[in-house]
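J.: A predicted structure for the sequence below; I have some questions about it.
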Amino acid sequence: MKTRVLSFGSLSHPLARSQTQAVLDKLQQTVPRLSCQLNLVSSPVKKKTRQGEPFLATSRGEVEFLERMLLADEAQLVVLEADDMVLPLPEGLDILCVPDRGNPFDAFLNRQGRLMDEMEAGGTVGVLSLRARSRLSALWPDLKFEILQGGVDLAMETHLRRSEIDGLVLPAAVTEHLGIQGIVSEIFSPEFVLPGPGQGLLVVIGRSGDQEAREILQALHSQASEAELKAEQAFCSRMISDQDLPVGALARVEQTQLVITGTTGSGINRLAARGPVDKAAAVGDELANQILSRIDTFADLLEADFPDGLPEENDPDKDGLLDELDIHADSDELAGDWTEPDETT
């Protein structure tokens, strides 16, 4: 039997390398007589951050650099965090695989092992998004939540080496990829802190016509994770476009049904939708429409980001879909069926 070879390109920074290596290891364990190559490249992009930019583990410039490598056949496949993707993908590229979802929740890191409830009033906690700052400020108003710019490495240096902040909130999946779970004090359950869209999901991107790679990667592909990604991407696209706004979303598949919960701001405006798995994107999009139509002031602020206009209350094109969807205020039944870590808030 001929040994098959897949090559992966990856940026050389620790998080990107670790995420790519995790996919390679699972693939080689699953597929007999498969050889995987990892080609590390230095980022050609000097990271520049501006106040208000969203946190990205891989910056937009770096993602575009990796996409050009794929299109020029300088790399066969790349692994990205789902929330770092630039959509739509360039013509000629496609998502070839969505592996099983990792931990989608947020984790709190503290050098003394304190829980958030145990932090002293006035303490400073670093976060990576407006979503986290908005929600956590509502839950712990006596603490100061500061958005850190420059990515995970700088955030870790700020917290662990320079001790400029008293705690740090990161995606739990990031702490696992970096092997720093030992300094995680607690993991927030989605009933309290809804994660960002795509959190905990990786995607493998390659050329659309690379059928051999697509077939090999099917061994790792999760249809449930793909449906959750579609729902959360649709929700995100409708709600926030490419801006960093306080929006959280989490989808999950339950047999033939998909449930997605979404929220804005401090978490007061929280709704859930249920619909067929094969209409995952439509479920996510309609949930965003319902939230926007319910929050007049928020919708007004976002109007410039909706080239197709804000959703109309009476849209005849949605009548058929609405018959299949169940959209309502979120409940514990919809939000809390994920398997939780031992320590949750």
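T.: Perfect, thanks for sending it.

J.: Helices along the protein, start to end?
T.: 14-30, 60-71, 130-139, 152-156, 172-178, 211-217, 223-240, 280-294, 296-302, 319-324, 332-335 (DSSP state H).

J.: mind checking which of those helices is nearest G265?
T.: Among the helices of the chain, the nearest to G265 by CB to CB is helix 130-139 (5.5 Å). For every residue, glycine as well, the C-beta is placed using N, CA and C.

J.: For the closest one, which outside residues touch it?
T.: By CB atoms under 8 Å, 6 or more residues apart in numbering, the residues outside helix 130-139 that reach it are 106, 116, 125, 127, 143, 145-147, 169, 192-194, 196, 244-248, 263, 265-268.

J.: and these, which are buried?
T.: 106, 116, 125, 127, 143, 145, 147, 169, 192-194, 196, 244-248, 263, 265, 267 (16 or more other CB atoms under 10 Å).

J.: and the residues you listed, which of them are in strands?
T.: 106, 125, 127, 145, 147, 169, 247-248, 263 (DSSP state E).

J.: Give me the residue ranges of the protein where confidence is low.
T.: 1-2, 45-58, 150-151, 153-154, 157-162, 240-244, 295-324, 327-345 (pLDDT under 70).

J.: ok, now which ones touch T3?
T.: 33-35.

J.: would you list these in CSV and tack on distance to S134 and neighbour count?
T.: Listed next are the contacts of T3 as CSV, based on distance: CB to CB, whole Å; neighbours: other CB atoms under 10 Å:
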residue, distance to S134, neighbour count
R33, 50, 9
L34, 44, 16
S35, 46, 11
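
J.: and which of these is nearest D210?
T.: Looking across those and measuring by CB to CB, the closest to D210 is L34, at 14.9 Å.

J.: wouldn't the closest one be in contact with R4 here?
T.: Yes: counting by CB atoms under 8 Å, L34 sits close enough to R4 to count as a contact (5.3 Å).

J.: these two touch, right, A282 and A273?
T.: No: between A282 and A273 there is no contact under CB under 8 Å: 9.7 Å.

J.: what's G9 in contact with, if anything?
T.: Contacts of G9 by CB under 8 Å, 6+ apart are 39, 41, 66, 69-70, 74-78.

J.: I'd like those laid out as a markdown table, including distance to V152 and neighbour count.
T.: Shown next, in a markdown table, are the contacts of G9 (distance: CB to CB, whole Å; neighbours: other CB under 10 Å):
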| residue | distance to V152 | neighbour count |
| --- | --- | --- |
| N39 | 22 | 14 |
| V41 | 19 | 17 |
| L66 | 18 | 24 |
| M69 | 22 | 16 |
| L70 | 24 | 21 |
| E74 | 26 | 13 |
| A75 | 23 | 21 |
| Q76 | 26 | 19 |
| L77 | 23 | 25 |
| V78 | 18 | 23 |
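
J.: Kindly present these as CSV, with separate columns for distance to L292.
T.: What follows is the contacts of G9, written out as CSV (distance: CB to CB, whole Å):
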residue, distance to L292
N39, 43
V41, 40
L66, 32
M69, 37
L70, 34
E74, 41
A75, 38
Q76, 40
L77, 36
V78, 33
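
J.: taking the residues you listed one by one, which sit in strands?
T.: Per DSSP E, the subset of the contacts of G9 in strands is 39, 41, 77-78.

J.: re earlier: which residues are in contact with both of L34 and R4?
T.: I216.

J.: So which bits of stretch 267-284 are buried?
T.: Under 16+ other CB under 10 Å, the buried positions of stretch 267-284 are 267, 269-275, 277, 279-284.

J.: so how far does it reach from one end to the other?
T.: Start-to-end span of stretch 267-284 (CA to CA, to the nearest Å) is 18 Å.

J.: can you check stretch 262-269 too?
T.: Using CA to CA, first and last residues of stretch 262-269 are 8 Å apart.

J.: same thing with stretch 26-40?
T.: 19 Å.

J.: Can you list the buried residues in that stretch?
T.: 27, 31, 34, 36.

J.: same thing with stretch 114-130?
T.: 114, 116, 119, 123, 125-130.

J.: mind giving me a markdown table with these and columns for distance to V86?
T.: Shown next, in a markdown table, are the buried residues of stretch 114-130 (distance: CB to CB, whole Å):
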| residue | distance to V86 |
| --- | --- |
| R114 | 37 |
| M116 | 33 |
| M119 | 36 |
| G123 | 36 |
| V125 | 29 |
| G126 | 25 |
| V127 | 23 |
| L128 | 18 |
| S129 | 17 |
| L130 | 19 |
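
J.: Let me know the closest of those residues to S10.
T.: L128 (21.2 Å).

J.: Give me the phi and psi angles of that closest one.
T.: phi -110, psi 0 (degrees, to the nearest 10).
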